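Novice: I need the structure of the sequence given here:
(4 chains)
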Protein chains: 2
Amino acid sequence: MSADTLSPVAMLCLAILFNGERTGYEIKKESLEGRHRWFVDASYGSIYPALARLAHGELVTVREEVQSGRPSRKVYSITATGRATLLDSLAQPAGPDVYRSRFLLLSTFAPRLPRHVIEEAINERKAGLRYEIASIRAAMADADRDGDPHCEALEWAAAYGENCLGAHLEFLETHGDRLIAMAQTDIADAAE
Amino acid sequence: MSADTLSPVAMLCLAILFNGERTGYEIKKESLEGRHRWFVDASYGSIYPALARLAHGELVTVREEVQSGRPSRKVYSITATGRATLLDSLAQPAGPDVYRSRFLLLSTFAPRLPRHVIEEAINERKAGLRYEIASIRAAMADADRDGDPHCEALEWAAAYGENCLGAHLEFLETHGDRLIAMAQTDIADAAE
DNA sequence: TGATCCATGTAAGCCGTTACATGATTGG
DNA sequence: CCAATCATGTAACGGCTTACATGGATCA
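Specialist: Have a look, this model is predicted:
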């Protein structure tokens, strides 16, 4: 039906607009904080042009709201065609999920690196994981409050995230010390 | 010490060359199959130029081997500077690991999509995870055979991978059916 | 008073992928 | 005989990030 494939950023915009109208600014924020963080990260430089293209293709409509004291905002809404196109695009087979880990590269070089480097890397990673798990819970609380109709599916995805991130965290908590033990002891720790 | 930061592809090349000399062709293969798959994916179009730049900066040396009947190969070896630069670059703080999942986006739309789409997505994902877990084990077997000096750290990273990918797989095996149940029953399944 | 939020957009540039060019050898 | 493997490289194109441009309102 729809021949042209959507770019990842376009899919992100449509997915967010599926839940209600938003401005480009709001989409950017939601893509960083909300439940779509797992998909792609996008900046203004990719969102605004994508939104313009979507409007041109009539997958979304725009309404300009002039505000007093604030810059006027362009509120985008998804159209029926937009919904259909997103769903269609989602149904298309896609490449596998991507996990790219600089941390794992670092870990394989642990025996060659000073201990504090490994320790810091593990601590940062743990902190990052804890933050992500916390924000999944926060996003779920938001969805509950909004009485979101997709709630079931959302909860499933959240549980998936919590489960998997939890596994990462638990591994680090249980086995992190072993990696630290492999690293070089910091003899003279004064160097830059 | 080394001011200029290494590009991800350059780090990948140096990391692979750390274990011994390789050609660009071999690096490409190893980046897809070997234990560095978790870091970045690189194509010839990025590896060859990166190698040339590294040679220019004397982080690697080249030796050209003319072969009879085959195209001549350029064998790259890492230099002492190269090793130091990689280790230095690795010790530098870096952004968090990245997980980008089209599958999770799809899952949040399960109630709006035909059941077979969700079923196929889950099956593909399971197959992908099983394949990745299998290749971790294969890579470890290789490392054991090679008597790799980093073996401990390698085993740690492999265990990390197995643990986390295992968590993904187990979640899908336990809760996949619930997501499928949320999807639209395929009434008329004949359509393209 | 200075940072941060709101709000939209453009332009330059980087980094990387895809596709192309070339070509002998080996295996099914 | 056709496909894949080995092997190196370039050129074009694409997509996304960064930085810039603009500017009032609010908050500390």
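
Novice: switch to C-alpha atoms for all contacts and neighbour counts from now on
Specialist: Fine.

Novice: immediately after the helix or strand bottoming out on mean pLDDT in chain A, which helix or strand?
Specialist: Scoring the helices and strands of chain A by mean pLDDT, DSSP states H and E places helix A:115-146 at the bottom, with a mean of 88. Proceeding N to C from helix A:115-146, the next assigned helix or strand is helix A:151-182, under DSSP states H and E.

Novice: do that next one and chain B meet?
Specialist: Yes: on the criterion C-alpha under 8 Å from any C-alpha of the partner chain, helix A:151-182 is in touch with chain B at A:152-154, A:156-157, A:160, A:163-164, A:167-168, A:171, A:179, A:182.

Novice: Tabulate those (a markdown table), appending neighbour count and distance to residue B:28.
Specialist: Converted to a markdown table, those look like this (neighbours: other C-alpha atoms under 10 Å in any protein chain shown; distance: C-alpha to C-alpha, whole Å):
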| residue | neighbour count | distance to residue B:28 |
| --- | --- | --- |
| A:152 | 16 | 42 |
| A:153 | 22 | 39 |
| A:154 | 23 | 38 |
| A:156 | 18 | 37 |
| A:157 | 22 | 34 |
| A:160 | 19 | 33 |
| A:163 | 18 | 33 |
| A:164 | 22 | 29 |
| A:167 | 20 | 30 |
| A:168 | 20 | 28 |
| A:171 | 17 | 30 |
| A:179 | 21 | 28 |
| A:182 | 20 | 29 |
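
Novice: could the residues you listed go into TSV alongside distance to residue B:35 and pLDDT?
Specialist: Below are these laid out as TSV (distance: C-alpha to C-alpha, whole Å; pLDDT from 0 to 100):
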residue	distance to residue B:35	pLDDT
A:152	37	88
A:153	34	92
A:154	34	90
A:156	31	94
A:157	29	94
A:160	26	96
A:163	24	96
A:164	21	96
A:167	20	98
A:168	18	97
A:171	19	98
A:179	17	97
A:182	19	94
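
Novice: Next, the residue positioned nearest the centre of chain A: secondary structure please.
Specialist: Note on chain A: the residue nearest the mean C-alpha position is residue A:37, at 1.6 Å, using C-alpha atoms, centre = their mean. Three-state call for residue A:37 (DSSP: H, G, I helix; E, B strand; the rest coil): coil.

Novice: And it, how close does it get to chain B?
Specialist: Relative to chain B, residue A:37 is positioned 8 Å away (C-alpha to the nearest C-alpha, to the nearest Å).

Novice: these two touch, right, that residue and residue A:29?
Specialist: No: assessed by C-alpha atoms under 8 Å, residue A:37 is found out of contact with residue A:29, at 9.8 Å.

Novice: near chain B at all, stretch A:97-113?
Specialist: Yes: using C-alpha under 8 Å from any C-alpha, stretch A:97-113 reaches chain B at A:97-113.

Novice: Straight-line length of that stretch, end to end?
Specialist: 30 Å (C-alpha to C-alpha, to the nearest Å).

Novice: Tell me the buried residues in it?
Specialist: Neighbour-count burial for stretch A:97-113, counted by 16 or more other C-alpha atoms under 10 Å in any protein chain shown, picks out A:97, A:100-111, A:113.

Novice: Tabulate these in CSV, adding columns for pLDDT.
Specialist: Below are the buried residues of stretch A:97-113 laid out as CSV (pLDDT from 0 to 100):
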residue, pLDDT
A:97, 90
A:100, 91
A:101, 93
A:102, 93
A:103, 95
A:104, 94
A:105, 94
A:106, 95
A:107, 95
A:108, 93
A:109, 95
A:110, 95
A:111, 94
A:113, 95
